[in-house]
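Student: Provide a 3D model corresponding to the input given below.
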Amino acid sequence: MERLTDEKVIQIHDFLIEEMGGERGLRDPATLSFIVEAINCETDLFRKAAHALFLADRHPFWDGQKRTAFELADLILRQSSYRFNRSDKAEIMRVMIRISEYTCPEGEEIDTIAKWVKKMVVKLE
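Tutor: Residues are numbered from 1 along each chain as shown. Purely as a prediction, here's the structure:
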């Protein structure tokens, strides 16, 4: 997988805001850099995607945290020939809301979310 950059995450965020609406803008550049570095330092694919989902908890943008987090995690998975199975949208939203409401602390739950990611993906052909 190519090394992730802050700029790439901002591009994903801006595209999603443009397509779906919401407020553009980076609220906290240091937080975004922290998240990107955590993703880049992780070696396990599913833990890497789980770290990306925790962008929803850290709120580096003014709007669109959950959308950006999910699409970023999906991009990470796609670069390794996986993708989220989006058929159970209610389950995906349940987990994304749980993360974004701070009821899923990163330090204690990263392994749990990584297992959930692994369960929710399909291999690309």
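
Student: residues of stretch 79-92 that come out buried?
Tutor: Tyr82, Phe84, Ile92 (16 or more other CB atoms under 10 Å). In this view, the C-beta of every residue, glycine as well, is placed from N, C-alpha and C.

Student: Please narrow those to those residing in strands.
Tutor: Using DSSP state E, Tyr82, Phe84 are the members of those that sit in strands.

Student: so can I have CSV of the buried residues of stretch 79-92 showing pLDDT?
Tutor: Converted to CSV, those look like this (pLDDT from 0 to 100):
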residue, pLDDT
Tyr82, 97
Phe84, 96
Ile92, 94
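
Student: From the buried residues of stretch 79-92, pick the one nearest Ala73.
Tutor: The closest of the buried residues of stretch 79-92 to Ala73 turns out to be Phe84 (CB to CB; 7.4 Å).

Student: Okay, and the beta partners of that closest one?
Tutor: Val121 (DSSP bridges).

Student: Identify each buried residue in the helix-or-strand element of the chain with minimal mean pLDDT, please.
Tutor: Each helix and strand of the chain was given a mean pLDDT (mean pLDDT, DSSP states H and E); the minimum falls on helix 106-119 at a mean of 84. Residues Glu106, Glu109, Ile110, Ile113, Ala114, Trp116, Val117, Lys118 are the ones in helix 106-119 that count as buried (16+ other CB under 10 Å).
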